[in-house]
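A.B. asks: Below are the sequence and a predicted model; questions follow.
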Amino acid sequence: MKPVSQLRKAVVLVALVAILPVAGSCRSRTDKTAGPVVLTFGNITGVPNGTISVSGSEGTGVIIGTFTLQSVVKDPMPTTTPSNLEDVEVTSYQVTYKRRDSGTRVPPPLIASFPVEVPVNGTGVINNLPVVRQDQLLSPPLGDLINPGHDTETGTAIIVLDAMVTFFGQTISGDRIQSPTATFTFEFVP
């Protein structure tokens, strides 16, 4: 009887070894960001409001004055102190665009490096963050506002766009981090 009992123990052990990696990976499927911290937004100031002249902002584009990022521990434990290995090094950001009017054409995405460090449970401040550059201003549909002076798709001289900003980086320990998306609405005229 002993050999059968040992065989059962071996089968149970093999089954447990096979199940453990699957059970341990369930959380990673629900988290959009790897690692122990989440990158969020703090104060955002200096957002242009009203109408933006495409020809008047051709040299500077559209800039947000101050953009504050915050790093927050996902599962804070009262007995542990966060490590500086959880500090976030933001390496780049992306701005995509969506029409809020009847048009469908949008400028090309803005993808750029923009290094800033955000300490764990701290903040990182970005000053003068470009959300629309010359590439976007000179490409259709915004470029149409300069020449011929209206959106060739809709025939109007006003284009309303959402600029959606997302930051990317990693913790010092190597976990990839992605912020949520912040959306700003801009109205462009010739």
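C.D. replies: Great, that's in hand. Computed from a predicted model, the values in this text were never measured in an experiment.
A.B. asks: Which residues are in contact with the spatially most central residue of the chain?
C.D. replies: In the chain, the residue lying closest to the centroid (CA atoms, centre = their mean) is Thr166, at 2.1 Å. The contact partners of Thr166, by CB atoms under 8 Å, 6 or more residues apart in numbering, come to 93-96, 178-182. To be clear about C-beta, it is placed using only N, CA and C from the backbone, and glycine gets the same treatment.
A.B. asks: Show me how the chain divides into domains.
C.D. replies: Per automatic domain parsing, the domain ranges recorded for the chain read 1-30, 32-189.
A.B. asks: Can you say which of these is packed in most?
C.D. replies: Most buried of the domains of the chain, by mean neighbour count (mean count of other CB atoms under 10 Å): domain 32-189, with a mean of 16.
A.B. asks: Tell me the gap between that domain and the middle of its chain.
C.D. replies: Chain-centre distance of domain 32-189: 7 Å, with CA atoms, centre = their mean, to the nearest Å.
A.B. asks: Mind checking the pLDDT average for that domain?
C.D. replies: In this model, domain 32-189 has a mean pLDDT of 92.
A.B. asks: where along the protein do the strands fall?
C.D. replies: Remark: strands assigned in the chain by DSSP state E are 37-45, 51-53, 62-73, 88-99, 110-118, 123-132, 159-171, 176-178, 182-189.
A.B. asks: Let me have the ones you listed in TSV, adding distance to Gly143 as columns.
C.D. replies: Formatted as TSV, the strands of the chain follow (distance: least, CB to CB, whole Å):
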stretch	distance to Gly143
strand 37-45	27
strand 51-53	13
strand 62-73	15
strand 88-99	13
strand 110-118	15
strand 123-132	12
strand 159-171	11
strand 176-178	30
strand 182-189	11
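A.B. asks: what's the closest of those to Pro141?
C.D. replies: Nearest of the strands of the chain to Pro141, taken as CB to CB: strand 159-171 at 5.6 Å.
A.B. asks: still on that earlier bit, now the contacts of Thr166 as a markdown table including distance to Asn147?
C.D. replies: Output for the contacts of Thr166, formatted as a markdown table (distance: CB to CB, whole Å):
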| residue | distance to Asn147 |
| --- | --- |
| Tyr93 | 30 |
| Gln94 | 28 |
| Val95 | 24 |
| Thr96 | 25 |
| Gln178 | 37 |
| Ser179 | 36 |
| Pro180 | 37 |
| Thr181 | 32 |
| Ala182 | 31 |
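A.B. asks: Among those residues, find me the one that's closest to Gly122.
C.D. replies: Ser179 (14.9 Å).
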